[in-house]
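Peer 1: Mind looking at a prediction? Sequence and model below.
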Amino acid sequence: MKIKDIVCALGQFAPLPLQDSFDNAGLQVGLTDAEVTGALLCLDVTEAVVDEAVALGFNLIVSHHPLIFRGFKSLTGASYIERCVMKAVKHDVVVYSAHTNLDNALNGVNFKMAEKIGLANISFLESKTDCAPLQAGAGVVGELSQTAIDIDFLKRIKEVFQVGCMKHTALTGRMIRKVALCGGAGAFLLDEAIKKGADVFITGEIKYHDYFGHGDDIVLAEIGHYESEQYTKEIFQQIIKEKFPEVPVRMTEVNTNPIFYL
């Protein structure tokens, strides 16, 4: 089994044309004609993750966040990104990333979040109309099987996503049934969540001023970028295991979240 076969399967699930214009998803480092020895799955590529792949004897890293966003004018090891690239090349490790294409894909990142919460009747929060014939969109909205009071619902979200510190708007005893969400920095979808009649909007990052003026409309909950997208690794695992059950697959044991909480 060649690395390019796995890359192709990932691309079929989340086609690269679905990525946002600012993004740099896809093949980051290496050649894909080699026989795959194993795939290490992560949210972010760090030096520790590359070391882990090398120690395991795996020659493929699949990440959600692209290692490379901008071009290099030199490659000297001056940044952790350069060091990761150099180390991956030295050890013949291929790095492939599925980022906003996986965010925007049917059954992608946001659907996985909805699954963890237990939502039903899930649909895109904002459909993309320029991706025909593919179904694609940003964020999702769905319904709980039973309504829950706002504080109890947020406590469950905190537990499910292992949130060290949750930020939210004032809680008034609002009953939660309709839930809108977006992994990562999804505050741009707030107006759409309100328009869809959601009782709560969950995302990884919300700017300070976005919290103002919505107390009567919706509960806002900010759970952290890493926390919101951590289960993306499960999507990679499912794709690879279903199509290539003979390929060794591991989720990284490295916590790549750069944010810590006191």
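Peer 2: On my side now, so go ahead.
Peer 1: quick one, what contacts the closest residue to Gly38 other than its chain neighbours?
Peer 2: What sits nearest to Gly38 in space, not counting adjacent residues and going by Cβ to Cβ, 6 or more residues apart in numbering, is Phe58, at 3.4 Å. Glycine gets a C-beta too; all of them are placed from N, C-alpha and C. Shown in contact with Phe58 (Cβ atoms under 8 Å, 6 or more residues apart in numbering): 37-40, 93, 248, 250.
Peer 1: Okay, strands next: where are they in the protein?
Peer 2: Ranges of strands within the chain are 26-29, 39-42, 60-63, 94-97, 120-127, 137-149, 167-168, 175-182, 200-203, 219-222, 249-251, based on DSSP state E.
Peer 1: in terms of contact, does Tyr261 touch Val163 like I think?
Peer 2: No: because the distance of 9.1 Å does not satisfy Cβ atoms under 8 Å, Tyr261 is recorded as not touching Val163.
Peer 1: what about those two, which has more around it?
Peer 2: Using other Cβ atoms under 10 Å as the criterion, Tyr261 and Val163 rank with Val163 on top: 18 against 8.
Peer 1: Hmm, that one is touching Gly224, no?
Peer 2: Yes: Val163 lies in contact with Gly224 (Cβ under 8 Å); the separation is 6.1 Å.
Peer 1: what residues go with each domain of this structure?
Peer 2: Per automatic domain parsing, the structural domains of the chain span 3-102, 104-226.
Peer 1: looking at these, which is closest to Gln237?
Peer 2: When the domains of the chain are ranked by proximity to Gln237, the top entry is domain 3-102, at 6.0 Å, counting by Cβ to Cβ.
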